[in-house]
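Student: one predicted model, sequence on top.
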Amino acid sequence: MGGGICGYAVYPGSGGVREFFAGAAAALSSPCMDSLIPTRIELARPIPPLTYLAPAGLQPGTRVEVRLRAGRTLGVVLGPDPAPPAVKLKPVDAVLDPFPLLPPRLWELLDFAGRYYGCGLAHLLPLCLPQAVAADWETPLPSGTRLCDLRDAGDWPGLAQAGAAWQAGTLDLPTLFHRRGLRGAGVTEVRRTAAPNPPRVTPTQAKVLLALEGAGGAMLEAALLEACAVGPGVLANLVKQGVLERVKRLDLMSQRREEGADRAVVLNEEQRRAVAAVDLDAFSASLLYGITGSGKTEVYLELAGRVLAKGRRVLWLVPEIGLTPRLLARLEARFPGKVAVGHAGLNATERQADVLRLLQDEAPLFVGVRNAVLAPLKDIGLVIVDEEQEGSYKSEEHPRINARDLAVKRAQLEGCPVVLGSATPSLESWHAAQNGRYHLLRLMERPAGVTLPTVKVVDLRECFKEERKKVVFSPLLLKGMREALSLGQQCLLLLNRRGFENFWMCRACGKTFDCPHCALSLTYHKGAYRLRCHLCGYETAPPEVCIHCGAEHLRGVGEGTEQIEDQLRALFPEARILRLDRDTTTRRGSLEAGLLAAEEGAVDILVGTQMLAKGHTFPKLTLVGILNADMGLKIPDFRAAERTFQLLTQVAGRAGRAELSGRVLLQTYSPDHPAIVHAVAQNFEGFAAEELPYREALGYPPYAAMSLYRSEGDSPREALEPLRALRARLETVPGLRLLGPLESPIAKVKDRYRMQLIVKAASRGPLGEAMRAAPLEPGGAVTLDRDPLQFGV
Ligand code: ADP
Ligand code: ZN
């Protein structure tokens, strides 16, 4: 999954860490050895905290380096150990920070998150503080004393005092951080210019040019260097020859700037009311509900402007930054020089550069994805969570935080408002707004120039009756596409399944070809001529005959985007077709490049998975075709209908943002399903009104809280045992409903058998009790997913 300011960095083992340690402050020098006391240290490893000897007075939250078995590991000081184990304790190898570098209220948030999600500080810390951020011990205090002088004198209380003053803003330490190699760092994009290829290119140059061509002509520099495994010199050379140009992200933003992006609009009545409803001086949570294009971003911008004017800071979360170049352009235009960005497309240096700007309080507005909720921003006056319903706010790997929920907690700790915005709010947030926990702010008007697309249902059952075979493109869709293309307009086709065919089966014996390591069938990829497992990556050449019975009657079932692309090429040989799915966008920046090409009109038919649903506006897009709207409804997850509704509404909305009026053709086998009916009417409230009672009746969120305990083993029994034991302990906790342990929906992945235990309660309280009654061993067989979002895996 990745993402965030620094992704989920694991310390041990990576070369970068060694370098960091080598370059970090000198190890503890001898004078203070006598004042070492037993100290609890949490390591960035899946083990419980350990006790080491460390200088007395070291503040909790200080990073240290310790020896663990043969290696060295990063650790975080928790505090003195009042009851140290009766063994010879090892001293820490080095103290890395002169004082804790994060703002005090962020520690509170980390503390909360650690307890809530059941993970240690040392696992959360890397999400806020890239491993390479290192303080310079040579930094002088105003008195001329250097930080290292205090350290060498063992004056940790003195350092703590300096740290507190620095956090409070009363002490300026402009040179506190090493900025080696960071000067001028920022996101740089490399682009192919219009110049012809040079007469002669070296093999490395060719590699670069090919990679760029494959990515549609532009890539982030860091990604390009990584993809080609070349040094910056190669690029410099090509730039000199005029073949490539390097564009700084900020320039990039201004180049993409929409006409008038920097002009503050005059808010309409609804927007003014929304802005006025948010009290900037106290905690409150608001749900800003308005269809795409209704002007939510303008409301955020207005609120952000007011908060910045008061000298406070703004934390702005977005689900996926690669898809929001427009937003970055608008932010940079509105608040020039004040914006720092955190997202997965950055390399380590770039990430570090922007986090340093936060630590040194040089950028009061931070916009970023999931982990940005933990960004080291102090004195926050406003938290924004755009597209709050997005699943990407939830981490699906340890630590399994939910940034949307932590954003609300963070605002609470900071005593500032949080605004959650969406066109299709999560039912959790909608419910909170209905029962008054959140303020509901509505934007129902669409500003001029934005029209609702017309949505028409195509009943695939009828098509089947007429054609007497399965229909992929209904006659109505084909007719619509022909019309659109003949007028020079664009079409977008959504099919939420990649590959050529979903699975292969034998007509003779009826068996499917499954992954030998996972409980899942293999997907046929025609271009690669491979059967592939989408879970573990296993692949094999497609067999000529059935591996089960030897018959020759193999059949592919269930078309994927790759096949759709093939069929489209046959149907519309003249059209420029671009497929965007996980197979075509593995290179960083390639999705963005593809979408940009489509935005600029270089594509006639855009086909792909849900990736297409968000972000960009295609001015010439007039027809959206949803090939099989039912696809997501079959997933064994109580949120299947909600997700389907959101996806369909979003993708339908793509057709409504152009100057030209748009249409949506939605092909389905179940036109009566509530998710489909309400998506066709683009009626979120109708959907919520129908879905919520169902959730309530079955005791699902938002009417209940859930924890999902998972375990894995080499055999089903090995996976089951620890969950059985856990269940026995949880039986004694009042207020819990225990479901399982049972096989996970995908019972085996990478040869590991998977089991799960679902724990439900009327509220979150008993689930916290459960964690205390049966604490999980770090690194043990069982893992916990609180407020789980993924049940289908
Ligand atoms: P959302 O975030 O809800 O999708 P935006 O804030 O991006 O909506 O608004 C959509 C478009 O309408 C933008 O181009 C924006 O500048 C414009 N817009 C929004 N509010 C106004 C307004 N009050 N007056 C003029 N244009 C507006
Ligand atoms: Zn597999």
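Tutor: Ah, there it is. Residues are numbered from 1 along each chain as shown. Ligands and ions are numbered 1, 2, ... in the order given.

Student: mind saving the C-alpha coords of stretch 722-737 as CSV?
Tutor: Provided in CSV are the C-alpha atoms of stretch 722-737 (Å, rounded to 0.1, in the frame of the first residue of the first chain):
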residue,chain,number,x,y,z
PRO,A,722,-4.0,-19.0,18.7
LEU,A,723,-7.4,-17.6,17.8
ARG,A,724,-9.1,-20.3,19.8
ALA,A,725,-7.0,-19.4,22.8
LEU,A,726,-7.8,-15.7,22.2
ARG,A,727,-11.4,-16.4,22.0
ALA,A,728,-11.3,-18.3,25.3
ARG,A,729,-9.8,-15.2,27.0
LEU,A,730,-12.3,-12.8,25.4
GLU,A,731,-15.3,-14.9,26.6
THR,A,732,-14.8,-13.3,30.0
VAL,A,733,-15.0,-9.7,28.6
PRO,A,734,-18.5,-8.3,28.9
GLY,A,735,-20.3,-6.7,25.9
LEU,A,736,-18.5,-8.6,23.2
ARG,A,737,-20.0,-10.8,20.4
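
Student: make 631 the first number, not 1, from now on.
Tutor: I'll keep to 631 as the first residue from here, and by that count the last item is stretch 1352-1367.

Student: excluding chain neighbours, give the residue nearest to residue 1231 in space.
Tutor: Ranked by Cβ to Cβ, 6 or more residues apart in numbering and with sequence neighbours excluded, the top spatial neighbour of residue 1231 is residue 1250, at 5.6 Å. To be clear about C-beta, it is placed using only N, CA and C from the backbone, and glycine gets the same treatment.

Student: what about the one you found, neighbour count?
Tutor: Neighbours of residue 1250 under the rule other Cβ atoms under 10 Å: 19.

Student: before we move on, what about the one 10 residues further on?
Tutor: Neighbour count for residue 1260, taken as other Cβ under 10 Å: 17.

Student: verify the stated contact: it with residue 1302.
Tutor: No - contact between residue 1260 and residue 1302 fails when scored by Cβ atoms under 8 Å: they sit 11.2 Å apart.

Student: list residues touching both of those two?
Tutor: Listed contacts common to residue 1260 and residue 1302 are nil; contacts here mean Cβ atoms under 8 Å, 6 or more residues apart in numbering.

Student: quick check: pLDDT value at the residue nearest to residue 1231.
Tutor: Here the pLDDT value assigned to residue 1250 is 86.

Student: hmm, it is touching residue 1121, no?
Tutor: No - counting by Cβ under 8 Å, residue 1121 is not a contact partner of residue 1250; they are 9.7 Å apart.

Student: got the phi/psi numbers for the nearest residue to residue 1276 once chain neighbours are set aside?
Tutor: Closest residue to residue 1276 apart from its sequence neighbours, by Cβ to Cβ, 6+ apart: residue 1054 at 4.7 Å. Residue 1054 adopts backbone torsions of phi -130, psi 80, taken as degrees, to the nearest 10.

Student: how about the one 3 residues further on?
Tutor: When quoted as degrees, to the nearest 10, the phi and psi of residue 1057 stand at phi -70, psi -20.

Student: which residues sit in contact with the residue in the stretch 1181-1330 of the chain that ligand 2 sits nearest to?
Tutor: Of all residues in the stretch 1181-1330 of the chain, residue 1212 sits closest to ligand 2, at 15.5 Å by Cβ to the ion. Applying Cβ under 8 Å, 6+ apart to residue 1212 gives the contacts 1128, 1239, 1241.

Student: low-confidence regions, the stretch 831-980 of the chain specifically.
Tutor: The model of the stretch 831-980 of the chain has pLDDT under 70 over residues 845-846, 853, 878-894, 951-955, 973-980.

Student: give the contact list for the residue nearest to residue 1231.
Tutor: 1118, 1119, 1120, 1231, 1288, 1290.

Student: mind listing which of the contacts of residue 1212 are in strands?
Tutor: Taking DSSP state E, every one of those sits outside strands.

Student: what residues does this structure put near ligand 2?
Tutor: For the chain, the residues in contact with ligand 2 (Cβ under 5 Å from the ion) are 1145, 1147, 1148, 1163, 1165, 1166, 1168.

Student: just checking, the fourth one touches residue 1147?
Tutor: Yes - applying Cβ under 8 Å, one finds residue 1163 in contact with residue 1147, separated by 7.0 Å.

Student: tell me which of those two has more neighbours.
Tutor: Per other Cβ under 10 Å, whichever of residue 1163 and residue 1147 has more neighbours is residue 1163, with 20 against 16.

Student: ok, the more buried one - contacts?
Tutor: Residues in contact with residue 1163 (Cβ under 8 Å, 6+ apart) are 1145, 1147, 1148, 1150, 1152, 1153, 1169.

Student: let's see 6 Å
Tutor: Residues in contact with residue 1163 (Cβ atoms under 6 Å, 6 or more residues apart in numbering) are 1145, 1148, 1152.

Student: quick one: low-confidence parts of the stretch 1131-1280 of the chain?
Tutor: Residue ranges of the stretch 1131-1280 of the chain with pLDDT under 70: 1217-1219, 1245-1246.

Student: how about 80 then?
Tutor: 1215-1230, 1243-1249 (pLDDT under 80).

Student: again, but for the stretch 681-830 of the chain
Tutor: Ranges of the stretch 681-830 of the chain meeting pLDDT under 80: 761-762, 808-819, 824-830.

Student: swap the cut-off to 90 and go again
Tutor: 687, 698-704, 716, 734, 749-753, 755-766, 784, 799, 802-830 (pLDDT under 90).

Student: show me where it has helices.
Tutor: Ranges of helices in the stretch 681-830 of the chain, per DSSP state H, counting those that start in this stretch, are 734-747, 751-758, 777-782, 786-798.

Student: most tightly packed of the ones you listed?
Tutor: Across the helices of the stretch 681-830 of the chain, averaging neighbours per residue (mean count of other Cβ atoms under 10 Å) puts helix 751-758 on top, at a mean of 24.

Student: how far does that helix sit from the chain's center?
Tutor: Centroid separation for helix 751-758 versus its chain: 16 Å, with Cα atoms, centre = their mean, to the nearest Å.

Student: show residues contacting it.
Tutor: The contact list for helix 751-758, computed with Cβ under 6 Å, 6+ apart, reads 639, 672, 673, 674, 706, 740, 743, 744, 1001, 1004, 1006, 1029.

Student: that helix vs helix 734-747, what angle?
Tutor: 120 degrees (axes from the mean of the first three to the mean of the last three Cα atoms, to 10 degrees).

Student: which residues in the stretch 831-980 of the chain form helices?
Tutor: All helices of the stretch 831-980 of the chain, identified by DSSP H, counting those that start in this stretch, fall at 833-844, 851-858, 862-870, 879-885, 899-907, 926-939, 955-964, 978-989.

Student: tell me the SS of residue 1085?
Tutor: Taking DSSP: H, G, I helix; E, B strand; the rest coil as the rule, one finds residue 1085 in the strand state.

Student: from residue 1282, how far out is it?
Tutor: 6 Å (Cβ to Cβ, to the nearest Å).

Student: now for residue 1413, how many residues are close by?
Tutor: For residue 1413, the neighbour count with other Cβ under 10 Å is 18.

Student: which residues are contacting the helix or strand where it lies?
Tutor: Residue 1413 belongs to strand 1412-1416 when assigned by DSSP states H and E. When contacts are defined by Cβ under 6 Å, 6+ apart, strand 1412-1416 is touched by residues 747, 748, 1030, 1337, 1338, 1339, 1340, 1341, 1352, 1356, 1406.

Student: what does stretch 1048-1058 give?
Tutor: 915-919, 921-922, 926, 1013-1019, 1037-1038, 1041, 1059, 1272, 1276, 1279, 1314, 1332.
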